[in-house]
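>>> Need coordinates for the following:
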Amino acid sequence: MIEKYKLYAMYIQGPADGAKILLSTGRAEAKDGKVSTKKNSQLVLRLDKDERDAFVQLCKELDTSAAREIRRFIRAFMKEHSED
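I've put the predicted structure just below:
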């Protein structure tokens, strides 16, 4: 049985710098009964505007996107810290 909609959310606030993260994941079923394979999760970060702007600009200069680089970091971080 395929669940029509499932949503998980987590909200984290860092104690030292006040950074906030909202992580949510969902799984939606299309009208034809198929489950979507598109990316359906978001990670919302609160950053200093100047730091964010500098990061986005550097990504543009390197012909990549901020989202791509953040996903690459997450994958590498998880691989580095995974239990083999």
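>>> Poorly predicted segments of this structure, please.
1-37, 84 (pLDDT under 70).
>>> same for the helix or strand hosting L43, what does it pack against?
Element membership of L43, judged by DSSP states H and E, is strand 41-45. Packing partners of strand 41-45 (3 or more C-beta pairs under 8 Å, 6 or more residues apart in numbering; DSSP states H and E): strand 20-28. C-beta coordinates here come from the backbone N, C-alpha and C atoms, glycine included.
>>> sorry, back to before: for the strand holding L43, which strands pair with it and how are they oriented?
strand 20-28 (antiparallel) (DSSP bridges).
>>> what ranges do the helices span in the chain?
49-61, 66-81 (DSSP state H).
>>> Between these, which one is closest to N40.
helix 66-81 (14.0 Å; C-beta to C-beta).
>>> Determine the set of other helices and strands touching that closest one.
By 3+ C-beta pairs under 8 Å, 6+ apart, helix 66-81 packs against helix 49-61.
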